[in-house]
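>>> sequence-free structure coming up:
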């Protein structure tokens, strides 16, 4: 045999621990996320808007009995911004635009969290089973997904919400029905890709169970695109939700940006720009913020760039 | 004979750690919307061998010959389509199995894909594997301690600080140490990652390790280190290896026995010394010529062309399409003519259609009579292959059609060439050629 020593030079033992190494990795990852100024801008916007949603009752007094209904003052129609008591003016039915903007953030947060929560959960579950198990279930499921994906998402959501009747709850339901498919497909593709890695074979070779292989090898290596997509969708869903309420699929008078834009649009030609502009700007900022952060996460979490770190 | 599976709970006593008997693995080719099975890729097509305790079997062949598929079947990662992989069996029981007695009982006790419960767990512990791609075989999100300690956790061998100490011991055995415990795979070099894979494979103190091209992805100097390490570990731990490689030179010093595979079947198999001293299959000879670090005795025509489609393996001897010493008895068939027409540019015109009666007889249709005449001439004159005129029974043109028929040749079987040495070649010896 060729005579080359296989022992490597000794290095002084370190005082590492698994926890410390993992914490350092989290720190490194966060640092690289925050190294990108546009991502930081997105984060700041998100924190500001979520704070607005969370602290809405402290910012403006909650309307009774339903705080998600805009208060109306029939004696103060079409007041411009800066009018005493109406910071951002009123609509042509006396709705307080400032109240609508602040509580609209709460409505949007509720909408996006519920829809993203349900769709990610269902999509990841379905995609995982389809990809990890394969077989008949996978085939039937993917045909179903093809059918869902052949209908444009907005039209599909519109149809469902229209059939169920105008209410914000139905918009949530419609969006959940439409959006899980995307996650199921991403997750299935990811699981199939990860499953082909030899570390999965290695885990089978040492005799680990299917569930453990999924939990320890497949899921953690498959989930990052879902995280990125979910972040983006936090913004996207508010956009689609506002579109649906703009065309009248939410209750009238709901403190929601799309409803408010719709209420204000009649006045735009008459120079009453404020009732539509402020909620419209909020929708824009909300979608922008989550997109910026989603993009930043994608750059950092992409496994191809991760290995080089 | 000894009673079948006499000591079901004991292991490590029997002399044959693993035996493959006519193992086949066929993958269906699915076509169309309905995923109809249109044929099978015969990746492994009837391979037999056995590995004795403490020995190394070198499984050698080009990429695409089925050696990795066979390795995966042996390691229990995929089930054989036919045949049996028998684990931990003594020679007498194996002889009885080969003789056809108590087949069912022996399979229940030893056949890898039939094992259940404790017997399966015992196999799983005792048969480990090291893969070629050290990066793909380590979970990028796991630390070294998680990777090497995982088999111990799964089989509840150690936990807590006991686990850490066991992992350190294993790392030291492969030339790494405590300072590497808390690092991610990407923080290591290729050679170091392969050491981690080996440490993981050693963790359960297995009897057999399947090494699937463990050094192919490494630098030459690192290759030697890893080979030395594997050799030392074998001595120290009484390990049995199935060493899969495309490079005969790599296993020359490690293997006790070599199996050369070609297109899913065994071309030649024998003790390492016999294989290196006197090859009985031209494919083995070509493989030896292909390794620059092995001094081939004489100049031998290198391998031309690529491995044929394993969905349609050649008749007779599967190697005849590329063999430098092919004869009329090697299985010339319709496909050889078809391949010549398609592959030799300008040699003959376009082939319009083939109507097969068998692999050896068919009617070929061409666009014009001239092309048909050229093809008949090529077959008869030996332009396609010098030994083809002797094998052809009929080659006649009728206008733009050609009737061609070759003498049917059975598959070339393995024949004994020396003690433990078999080869599947029509030549008695290659020494005079």
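Everything's here; your move. None of the values given here were measured: they were computed from a predicted structure.

>>> which stretches of the stretch 301-433 of chain B have low pLDDT?
B:301-302, B:345, B:347-348, B:432-433 (pLDDT under 70).

>>> which residue ranges form the helices in chain B?
Taking DSSP state H, the helices of chain B run over residues B:67-74, B:91-99, B:103-110, B:117-126, B:144-154, B:160-173, B:190-202, B:220-237, B:248-252, B:272-277, B:282-290, B:334-343, B:369-381, B:388-391.

>>> I'd like these written out as a markdown table, with mean neighbour count and distance to residue A:247 added.
Just so you know, the C-beta spots here come from the backbone N, C-alpha and C atoms, and that holds for glycine as well. As requested, the helices of chain B are exported to a markdown table (neighbours: other Cβ atoms under 10 Å in any protein chain shown; distance: least, Cβ to Cβ, whole Å):
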| stretch | mean neighbour count | distance to residue A:247 |
| --- | --- | --- |
| helix B:67-74 | 24 | 57 |
| helix B:91-99 | 16 | 75 |
| helix B:103-110 | 18 | 69 |
| helix B:117-126 | 17 | 60 |
| helix B:144-154 | 23 | 53 |
| helix B:160-173 | 16 | 61 |
| helix B:190-202 | 24 | 57 |
| helix B:220-237 | 17 | 66 |
| helix B:248-252 | 21 | 70 |
| helix B:272-277 | 18 | 79 |
| helix B:282-290 | 23 | 71 |
| helix B:334-343 | 18 | 62 |
| helix B:369-381 | 18 | 69 |
| helix B:388-391 | 18 | 77 |
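
>>> Could you point out which of these sits nearest residue A:161?
helix B:144-154 (47.3 Å; Cβ to Cβ).

>>> can you give me the angle that closest one makes with helix B:117-126?
160 degrees (axes from the mean of the first three to the mean of the last three Cα atoms, to 10 degrees).

>>> and helix B:144-154, how far from the chain's centre?
Mean-position distance between helix B:144-154 and its chain equals 30 Å (Cα atoms, centre = their mean, to the nearest Å).

>>> How about that helix and chain A, any contact?
Yes: looking at helix B:144-154 against chain A by Cβ under 8 Å from any Cβ of the partner chain, the contacts come from B:145, B:146, B:150, B:151, B:154.

>>> Would you reformat the residues you listed as a markdown table and include pLDDT?
Compiled in a markdown table, those are given as follows (pLDDT from 0 to 100):
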| residue | pLDDT |
| --- | --- |
| B:145 | 94 |
| B:146 | 94 |
| B:150 | 96 |
| B:151 | 96 |
| B:154 | 94 |
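
>>> coming back round to it: just so I know, which of the helices of chain B lies nearest residue A:193?
From the helices of chain B, taking Cβ to Cβ, the stretch that ends up closest is helix B:67-74, at 19.1 Å.

>>> Spit out the contact partners of residue 241.
In the absence of a named chain, this looks at chain A. Shown in contact with residue A:241 (Cβ atoms under 8 Å, 6 or more residues apart in numbering or on different chains): A:108, A:111, A:112, A:115, A:171, A:172, A:175, A:256, A:258.

>>> Please refer instead to chain B.
B:51, B:55, B:56, B:57, B:208, B:209, B:210, B:211, B:230, B:234, B:254.

>>> Now, these that are in strands?
Cross-referencing those against strands under DSSP state E gives B:51, B:56, B:57, B:208, B:209, B:210, B:211.

>>> Quick one: which of these is the most crowded by neighbours?
When neighbours are counted by other Cβ atoms under 10 Å in any protein chain shown, residue B:210 leads the ones in strands among the contacts of residue B:241 with 30 neighbours.

>>> confidence score at that residue?
If you check residue B:210, the pLDDT there is 97.

>>> Geometrically speaking, which residue is the centre of chain A?
For chain A, the residue sitting closest to the mean C-alpha position, by Cα atoms, centre = their mean, is residue A:234 at 2.1 Å.

>>> is it true that it touches residue A:112?
Yes: counting by Cβ atoms under 8 Å, residue A:112 is a contact partner of residue A:234 at 4.7 Å.

>>> tell me the contacts of residue B:328?
Contacts of residue B:328 by Cβ under 8 Å, 6+ apart are B:387, B:388, B:390, B:391, B:407.

>>> Now it. Its backbone dihedrals?
phi -70, psi -20 (degrees, to the nearest 10).

>>> Mind giving me the packing neighbours of the helix or strand containing residue A:174?
Element membership for residue A:174 (DSSP states H and E) is helix A:168-195. Contacting helix A:168-195 under the criterion 3 or more Cβ pairs under 8 Å, 6 or more residues apart in numbering or on different chains; DSSP states H and E are the following elements: helix A:97-133, helix A:135-149, helix A:153-164, helix A:219-222, helix A:224-246.
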